[in-house]
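1. I would like the atomic coordinates for the input below:
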Amino acid sequence: MSIEMLLHEKSAIVTGAASGIGRATAQLFAAQGARVLLADIHGEALNEAKSQIISQGGVAIGVTADVGQMQDVDRIVQVAEENWGSPDIVFSNAAAYKLGTAVELSEEDWDCTLAVCLKATWMIAHRVLPGMVEKGSGSFIITSSVQAIRGYRRHAAYQASKGGLEALTRSLAADFAPAVRVNSILPGAIVTGLWTGVSEEERAQIALACPLRRNAAPEEVASVALFLASEMSSYITGQAIVVDGGLSAVSGS
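-> Got it, this is the predicted structure:
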């Protein structure tokens, strides 16, 4: 198979697909031949992302859903299975969080962050992994963060969720091999919609913190997701792939 169609005849679920890393990854998966189900809580932006894929000749379905709710996760997977059977690829990427220290955060803030950033990945795994195991193959990819391995102020719930994802990645990889490969991606400073309100000066300061001296585009994470989704990574499982411009390799904050 040519490198231009790495995901030919594969089906994929991408959560958090209306914008940022999720949208870029859904577009790349589709361009590489996959049939893609895009899921996101933001319906209008989700429809735009789906329509863009279709206009470029790709195959896509959109499901507006809150991945922090089990009934919505069930619906996402059910739609995928009804159209294409058990998915070959899952990219669990959705995120929503509240900033604050352990003292500042309310119980509601904590629970909301953990539901979308951690529990959702377990719920999707709970739902899709039996089908992947039954057919004997699958790639399950998780968006974690450099915040799983570095400390940042006022991100208590978010960092707890991302640390949990790293442990969950290893657990899923151990439990569901050899049929399913499970890996995580730890992005650093990726310019997405979450950067709204961050000034150009602040963006420049963030860029200077890493050896590559720049912030990344979502497409640079999507390319790593493609690698993990494809047979190019056929002997890789249980791993955390850091995509941070070298930030975690150097000292300093």
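
2. Please enumerate the strands of the stretch 101-250 of the chain.
-> 138-143, 180-187, 240-243 (DSSP state E, counting those that start in this stretch).

3. Can you add mean neighbour count and mean pLDDT and give those strands back as TSV?
-> Bear in mind the C-beta positions are built from the backbone N, C-alpha and C, glycine included. Listed next are those as TSV, based on neighbours: other Cβ atoms under 10 Å; pLDDT from 0 to 100:
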stretch	mean neighbour count	mean pLDDT
strand 138-143	26	98
strand 180-187	25	98
strand 240-243	18	98
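
4. Just put those in TSV and tack on distance to Trp195.
-> Shown next, in TSV, are these (distance: least, Cβ to Cβ, whole Å):
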stretch	distance to Trp195
strand 138-143	16
strand 180-187	13
strand 240-243	16
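
5. So for Arg23, which of the ones you listed sits nearest?
-> strand 138-143 (12.6 Å; Cβ to Cβ).

6. List of residues touching the closest one?
-> 16, 21, 86-93, 95, 121, 125, 128-129, 132, 165, 168-169, 172, 176, 179-185, 187, 221, 225, 228-230, 233 (Cβ atoms under 8 Å, 6 or more residues apart in numbering).

7. Which ones among those residues lie within helices?
-> 21, 121, 125, 128-129, 132, 165, 168-169, 172, 176, 221, 225, 228-229 (DSSP state H).

8. Out of those residues, the closest to Ile61 would be?
-> Using Cβ to Cβ, the ones in helices among the contacts of strand 138-143 come closest to Ile61 at Val128, 15.4 Å.

9. what sits against that closest one?
-> So Val128 contacts 13, 77, 86-87, 90, 138, 140 (Cβ under 8 Å, 6+ apart).

10. Provide a list of residue ranges in the stretch 151-253 of the chain with pLDDT below threshold.
-> Flagging of the stretch 151-253 of the chain using pLDDT under 70 yields the residue ranges 252-253.

11. Identify the bridge partners of Arg35.
-> Ser11, Val59 (DSSP bridges).

12. okay, it: pLDDT?
-> Arg35 carries a pLDDT value of 98.

13. try Phe91
-> With respect to pLDDT, Phe91 scores 98.

14. Against Leu37, how distant is it?
-> Distance from Phe91 to Leu37, counting by Cβ to Cβ, to the nearest Å: 10 Å.

15. so Ala95 makes contact with Cys117?
-> Yes. With contact defined as Cβ atoms under 8 Å, Ala95 counts as touching Cys117 (5.3 Å).

16. who has more neighbours, those two?
-> Cys117 (27 against 23; other Cβ atoms under 10 Å).

17. picking up where we left off before, compare Phe91 and Leu37 and say which is more crowded by neighbours.
-> Phe91 (30 against 27).

18. how far does stretch 56-64 sit from the chain's center?
-> 17 Å (Cα atoms, centre = their mean, to the nearest Å).

19. Show me what counts as buried in that stretch.
-> 58, 60-64 (16 or more other Cβ atoms under 10 Å).

20. Cool, thanks, signing off.
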